[in-house]
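Need a 3D model of the following:
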Amino acid sequence: MLDHDTLKALTEYTKGLSRTVELCLYAGDHPKRSELIEMLTEVASVSDKIEFHEVQEELVTVREGLTFKLLSDGED
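This is a model prediction of the structure:
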């Protein structure tokens, strides 16, 4: 999905990360969800400081079929 140049740029950018970043995608139903999962997986692949997780959490209201949050060292 992401081209070579974009992945290379992300790799360079993320070399400066000092804290772990988690990309959390909540359960939901959206026609482009699989594409988003693919993209987030590719983003997470460029650095060991980036993690991608699909989350099943009942307390979160899913809007428009896609809801996600960004955590750094476990904090919003």
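
residues making contact with the host helix or strand of L36?
Assigned by DSSP states H and E, L36 belongs to helix 33-44. Surrounding helix 33-44, the residues in contact under the criterion CB atoms under 8 Å, 6 or more residues apart in numbering are 1-2, 7, 10, 23, 25, 30, 50-52, 54, 65-66. Every C-beta, even on glycine, is put in place using the N, C-alpha and C of the backbone.

Buried subset of those as a ChimeraX selection?
To isolate the buried subset of these in ChimeraX, counting by 16 or more other CB atoms under 10 Å, use the following:
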select :2,10,23,25,50,52
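
what's the most distant pair in the contacts of helix 33-44?
Based on CB to CB, the longest span within the contacts of helix 33-44 runs between L7 and G65 and measures 26.5 Å.

Could you report the pLDDT at the most centrally placed residue in the chain?
Centroid-nearest residue in the chain: L23, 3.4 Å away (criterion: CA atoms, centre = their mean). The model reports L23 with a pLDDT of 89.

Can you name the residues that contact it?
L23 neighbours (CB under 8 Å, 6+ apart): 40, 43-44, 50-53, 68, 70.

Identify, from those residues, the entry nearest to S18.
Minimum distance to S18 across the contacts of L23 is 12.6 Å, recorded for I50 (CB to CB).

Quick check: chain neighbours aside, which residue is closest to that closest one?
Excluding its sequence neighbours, the residue lying closest to I50 (CB to CB, 6 or more residues apart in numbering) is A44, at 4.5 Å.

how about the strands in the chain?
21-26, 50-55, 68-72 (DSSP state E).

can you give me the angle the first one makes with helix 33-44?
Here the directions of strand 21-26 and helix 33-44 differ by 170 degrees (axes from the mean of the first three to the mean of the last three CA atoms, to 10 degrees).
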